[in-house]
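1. Pasting a predicted model and its sequence here:
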Protein chains: 2
Amino acid sequence: MLEGLGSPASPRAAASTSVVGSSGPAACPPPSPSAPRSPESPVPRRGGVRASVPQKLAETLSSQYGLIVFVAGLLLLLAWAVHAAGVGKSDLLCFLTALMLLQLLWMLWYVGRSSAHRRLFRLKDTHAGAGWLRGSITLFAFITIILGGLKIGYFIGFSECLSATEGVFPVTHAVHTLLQVYFLWGHAKDIIQSFKTLERFGVIHSVFTNLLLWANGVLNESKHQLNEHKERLITLGFGNITTVLDDHTPQCNCTPPTLCTAISHGIYYLYPFNIEYQILASTMLYVLWKNIGRKVDSHQHQKMQFKSDGVTVGAVLGLTALAATIAVVVVYLIHIGRSKTKSESALIMFYLYAITLLMLMGAAGLAGIRIYRIEEKSLDESKNPARKLDSDLLVGTASGSWLISWGSILAILCAKDHPRYTWYNLPYSILVMVEKYIQNLFIIESIHREPEKLSEDIRTLRVVTVCNGKPLASSCLKSGGVAEDVAPQGRDLPPAAKGNVCMREGCGKEEEKQEESSWGGSPSPVRLPRFLQGNAKRKVLRNIAAFLFLCNISLWIPPAFGCRPEYDNGLEEIVFGFEPWIIVVNLAMPFSIFYRMHAAASLFEVYCNI
Amino acid sequence: MLEGLGSPASPRAAASTSVVGSSGPAACPPPSPSAPRSPESPVPRRGGVRASVPQKLAETLSSQYGLIVFVAGLLLLLAWAVHAAGVGKSDLLCFLTALMLLQLLWMLWYVGRSSAHRRLFRLKDTHAGAGWLRGSITLFAFITIILGGLKIGYFIGFSECLSATEGVFPVTHAVHTLLQVYFLWGHAKDIIQSFKTLERFGVIHSVFTNLLLWANGVLNESKHQLNEHKERLITLGFGNITTVLDDHTPQCNCTPPTLCTAISHGIYYLYPFNIEYQILASTMLYVLWKNIGRKVDSHQHQKMQFKSDGVTVGAVLGLTALAATIAVVVVYLIHIGRSKTKSESALIMFYLYAITLLMLMGAAGLAGIRIYRIEEKSLDESKNPARKLDSDLLVGTASGSWLISWGSILAILCAKDHPRYTWYNLPYSILVMVEKYIQNLFIIESIHREPEKLSEDIRTLRVVTVCNGKPLASSCLKSGGVAEDVAPQGRDLPPAAKGNVCMREGCGKEEEKQEESSWGGSPSPVRLPRFLQGNAKRKVLRNIAAFLFLCNISLWIPPAFGCRPEYDNGLEEIVFGFEPWIIVVNLAMPFSIFYRMHAAASLFEVYCNI
């Protein structure tokens, strides 16, 4: 009945744990209602609570606002996509521009305020906005700005017959991108503790603005892909399928024409990067939003290190896969739609390549999981918005490709006649599902494991704690000095304690047993085969992660750059009908593409943490 | 760096807190590695951990399995809806029947095992599976079984030309419904702690089976509504809109014909209840799934009480709204589609009625929020899967109707000519959005507030804890006996402590001040206007909840029983095109309907808790 008291709703309690930085049965701080406020502790919340609305309510207020804006944008996108009477592209662009300008204002205000009151922005979520994330967002943002430049060029070329919004939009978007990248570099880790309501609105507005820009990019890209597909169908002489081109080429001439064509081609090659940029930005902003008003347990994040030694096998295999992918995509794009036989051979080539790659990836993932299973260890399940979002996104976006795969399987099973190449589609579709299933398990287990070094510290601490009260055999602490350094509550343990191996070897049965009974939850490691112990194990895992990382980059390329057998093999379109299948693919494909990039990002993190 | 130690990953620690049943700074249990295992504690996890996979991994394993099954089912539904070549209704029904049989087997195993090993199933989540939830699920299940009976009758009538699956499906569904209701009555509160992997698979299988049955019901209902709508359009002489009836009436005769017609009409009046049953069952099962392996802080839930005194105003207003709704729906269904003028008058009547009702509801919600804002209190933000799901569902499903509303607003703004009745659509659509926004805020704040009595206990405890170590003025504990009864750690506080008011009056400034500084997070109540204090305030809130509850039931009726102005006013169909708009409405409407029922359910809970 009385948890309210002890729950983190009491800010003093929360503040004190966040400063102490350690919790658990051994380190439970005694209640100290009269202790002086630590200089590190967050700004007192009391005033904030009195003045504004409670945490949960502010969250609901802002999330509802965000959803309403998002839904309005989606509807405008839909209206444009279906050519609704009276709703044009310029209405959509106006709306998006307005959203971006509003976000710009808010970001300027936030940046200004945070530099004026540095004191208020002390708390950081060390898991959020990792370095590699900021790095990749910068890269994608750079390409997005180039895309903006191309769009401005396109607008200038066709300025006679384009509305002004088509020029204003890319300019605003470029400024927005610049400032947003700056904002994310400086503030992605913030844990906002004051004036929370306004911040919540600003951040959620930014999240959904980016999501709408993402949806806009996806829609442009889908329209483009669909047009290409229809052109191919026309070339192949399919008359029975509706083939009205949905082209938005302006109705006036552009000078010089060659430049204009180059620009409009270039735009579509850059869209995939823009799409990734928008979704990455919105995930980072979402984590910032989830962190507002959070009580941190100051779980110090281990500094990630990128080490490239000893991953030759994984890197070579992965780079081979990458090279093969690029070759396959080029050949595919040249052959597809030229003639019936060429299309079929391109499809067969693609399926064979993908089946091989997916099987290798599945095997690598299984090996990784197997290694984790041999050496059992409890997972770190502490609260961590960034990590939870990662896991949810992996499983959620995988569903997109599962939908497409089931569609292919159903089409193969139900179709009346099967050209030879369609049979390759069956193992391909099944493997797509299985591989994502396995890979998600591997990644989610990896990101929930405590980093190796940390867990060694803990093991040391355990034995030391157990041995502490009783006479120790001198063999038990060969490397010496550890037990003396450890404070009774284990708070000040030196980061790298090395008394571990000796204890496993030197301690008598009794200590071992006692250790097991008191820390039964995370059993001590089972003896691994020698080649899988310590560094060797770590090396194998790192090779797997590197290989999977490069493979995911590889599998991101084909759908992002127009190699989509789901369109081209034709079977599903016959079974489901052209329109329904195209709708399914266009809804599910963006998630499938995002999945690959997101899995690659997560695997990079896994790699650095192993 | 060492949180791993103290985090609940250590099962011994988790077990001990779950037994002690109280947490917080004052009640932090000392580490006791050698304490004997309490008979109350859950089954030791160690064996389980060693034998099976970690918690997080089991969660991912099962959720991915569930999603894959769900996606497969969705695709079969889609295939049926778009008349995919080679995929018939019987394939879909076979799949659903197989899923239900599998779930039946699992439930039988679970029920058998839990009665054999009662000891394993001690832990309960007191928030899950509330009485009113089980009550309403029983009611809906009863109607679902009647629906099953009608379907069996329909099958017997048309048995000549229906496949056997159409007979097997309703029989299996009836058995499935019966056993599932029994299962939910007995086990909705379980917190499963052993053999978690298999349980997780079973429960998630059940969740998605019910979701697919829900989607199947929704699709049947949508097809029926769409056919009715098309028939009306034909009557009104709209030739320019595609009007191919999507009717699945069997191609043979049924004897006696009148009975058959009655049955097939009856079926469609019962579908809305079946749909609610399925979604309720899946939410209850989802909470059960989230609770598997959870560490409970044994937060004892206050027994909910349904008291009907003092809510005359709310009840009378609500019942009036309900009666008005039924009248409006009947008149609407009689008039709509008969002739152009009759249709228009029906639409105007509906809009006027809905505008009035939504305005009243919005005002009531605002009043409720205002009362909460005057008397500030910290919210209970402890972990609680059932409550979190409730909040998420409210906001998530409201998005469905926000989508439709934006569609209407956009259509009104962009349409070229506006018949008079379309203008009523604008305030109606805006009010639908605003009212849901306000109502969600009210409900979410309500379900996060500690019940009145509980918070009084806490206030008492606070003062007592603070006063404990120092000489107390006798006036400070007039009602006596409280301080002596309270254990130093506050674990055994009698449920109804009454020393509260006297302390506010009798204690000196010093205690007051100290209380504030040490428990600053939840400020003491601001003085309310006299008419809003204590019981009076509670009475006002209860009236609001009762009124809103009845209004939500009222607003559930029109869309569920075929009164859908989004179809009938025609404006959106002209702007967006018939097909796109129908797709939008058919996707969003089920969520909008579910929202009303779910809000009603939540408001009932709010009412009982006030």
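-> Alright, I've got the coordinates. Numbering: from 1, shown residues only, chains lettered A, B, ... in the order given.

2. doesn't B:His83 make contact with A:Val575?
-> No - assessed by Cβ atoms under 8 Å, A:Val575 is found out of contact with B:His83, at 10.5 Å. (C-beta placed from N, C-alpha, C; glycine too.)

3. Mind checking which of these two has more residues around it?
-> Neighbours were tallied for A:Val575 and for B:His83 using other Cβ atoms under 10 Å in any protein chain shown; the higher tally belongs to A:Val575 (24 against 12).

4. Now the more buried one: closest residue in space that isn't a chain neighbour?
-> What sits nearest to A:Val575 in space, not counting adjacent residues and going by Cβ to Cβ, 6 or more residues apart in numbering or on different chains, is A:Ala411, at 4.2 Å.

5. Which strand or helix spans that neighbour?
-> Assigned by DSSP states H and E, A:Ala411 belongs to helix A:385-414.

6. Which strands and helices lie in contact with that helix?
-> If contacts are counted by 3 or more Cβ pairs under 8 Å, 6 or more residues apart in numbering or on different chains; DSSP states H and E, helix A:385-414 sits against helix A:257-291, helix A:420-448, helix A:565-568, helix A:571-576, helix A:578-609, helix B:55-81.

7. counting contacts, what elements does the fifth one pack onto?
-> This means helix A:578-609. So helix A:578-609, by 3+ Cβ pairs under 8 Å, 6+ apart, packs with helix A:131-157, helix A:196-236, helix A:257-291, helix A:385-414, helix A:420-448, helix A:534-560, helix A:565-568, helix A:571-576.

8. Pull out the buried residues from it.
-> A:578, A:580-582, A:584-586, A:588-609 (16 or more other Cβ atoms under 10 Å in any protein chain shown).

9. Let me know the distance separating A:Ala81 from B:Asp568.
-> Distance of A:Ala81 to B:Asp568, computed by Cβ to Cβ, to the nearest Å: 25 Å.

10. so for stretch A:69-84, what's the average pLDDT?
-> Mean pLDDT, stretch A:69-84: 91.

11. That stretch vs chain B: in contact?
-> Yes - counting by Cβ under 8 Å from any Cβ of the partner chain, chain B has neighbours in stretch A:69-84: A:71-72, A:74-76, A:78-79, A:82-84.

12. where does chain A dip in pLDDT?
-> Counting by pLDDT under 70, chain A has low-confidence residues at A:1-53, A:118-122, A:195, A:237-249, A:296-306, A:308, A:376-378, A:450-533.

13. quick revisit: so which two of the residues of stretch A:69-84 next to chain B are the farthest from each other?
-> Farthest apart among the residues of stretch A:69-84 next to chain B by Cβ to Cβ are A:Val71 and A:His83. That separation is 20.3 Å.

14. related to what we said a few turns ago, from A:Glu572, how far off is the residue nearest to A:Val575?
-> Here the criterion is Cβ to Cβ. By it, A:Ala411 lies 4 Å from A:Glu572.

15. how much space is there between A:Leu219 and A:Gly577?
-> Look at A:Leu219 and A:Gly577: by Cβ to Cβ, they are 21 Å apart.

16. Ignore what I typed, I meant A:Val218.
-> As judged by Cβ to Cβ, A:Val218 and A:Gly577 stand 22 Å apart.

17. A:Thr397 too?
-> Distance of A:Thr397 to A:Gly577, computed by Cβ to Cβ: 26 Å.

18. More neighbours: those two, which one.
-> A:Thr397 (22 against 18).

19. who's in contact with the more buried one?
-> Residues counted as contacts of A:Thr397 (Cβ atoms under 8 Å, 6 or more residues apart in numbering or on different chains) are A:591-592, A:594-595, A:598.

20. again, but for A:Ile275
-> For A:Ile275, the contacting residues are A:214, A:217-218, A:221, A:560, A:590, A:593-594, by Cβ under 8 Å, 6+ apart.

21. what about the closest residue to A:Asn210 other than its chain neighbours, how many neighbours?
-> Spatial nearest neighbour of A:Asn210, excluding adjacent residues (Cβ to Cβ, 6+ apart): A:Ser282 at 3.8 Å. A:Ser282 has 20 neighbouring residues, counting by other Cβ under 10 Å.

22. Touching, A:Ser282 and A:Leu211? I think so.
-> Yes - using Cβ under 8 Å, A:Ser282 is in contact with A:Leu211, at 4.9 Å.

23. Kindly state the beta-bridge partners for A:Lys124.
-> Beta bridges link A:Lys124 to A:Asp190 when assigned by DSSP bridges.

24. these two touch, right, it and A:Lys189?
-> Yes - look at A:Lys124 against A:Lys189 with Cβ under 8 Å: they come within range, at 4.3 Å.

25. still on that earlier bit, mind telling me the two of the contacts of A:Ile275 farthest from one another?
-> Of all pairs drawn from the contacts of A:Ile275, the greatest distance, 13.7 Å, lies between A:Trp214 and A:Ala560 (Cβ to Cβ).

26. Mind splitting chain A into its structural domains?
-> A:52-291, A:312-452+A:535-609 (automatic domain parsing).

27. got a list of what A:Arg134 touches?
-> Counting by Cβ under 8 Å, 6+ apart, A:Arg134 has contacts A:184-185, A:188.

28. from those residues, which would you call buried?
-> Neighbour counting with 16+ other Cβ under 10 Å marks A:184, A:188 as buried within these.

29. any idea which of the contacts of A:Arg134 is closest to B:Ile234?
-> Looking across the contacts of A:Arg134 and measuring by Cβ to Cβ, the closest to B:Ile234 is A:Leu184, at 55.9 Å.
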